[in-house]
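K.L.:
turn this into a model:
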Amino acid sequence: MFNSYVKLMEKYGFLIIAFFALVYLFTSWGENWALTWLHIGALITAPIIGVSDMKGSQAGRDKDEK
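P.N.:
From the prediction side, this is the model:
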């Protein structure tokens, strides 16, 4: 059970980070503009890094199967 949880977090952890950055962005909009822009940056970069990691792991898995 724990191994499946770890695998899910490795695969989809970036979505959780992006979701909470979005939630915090909505709740703190305009209070502190430096943090607002920081969370906008996190909201943009977290999915980009996560998708590139997923593509890299799939490419490595495909290479191992051959």
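K.L.:
can you pull the buried residues of the lowest-mean-pLDDT helix or strand in the chain?
P.N.:
Using mean pLDDT, DSSP states H and E, helix 33-65 stands out as the lowest-scoring helix or strand of the chain, at a mean of 78. Buried residues in helix 33-65, defined by neighbour count with 16 or more other CB atoms under 10 Å: 39, 42, 43, 46, 50. C-beta: built from backbone N, CA, C; applies to glycine.
K.L.:
closest one of those to residue 13?
P.N.:
When the buried residues of helix 33-65 are ranked by distance to residue 13 (CB to CB), residue 50 comes first, at 7.3 Å.
K.L.:
ok, now how distant is the closest one from residue 19?
P.N.:
In this view, residue 50 and residue 19 are 12 Å apart by CB to CB, to the nearest Å.
K.L.:
so the residue nearest the centre of the chain is in which element?
P.N.:
Centroid check for the chain by CA atoms, centre = their mean gives residue 14 as the closest residue, at 1.6 Å. If you go by DSSP states H and E, residue 14 is part of helix 2-27.
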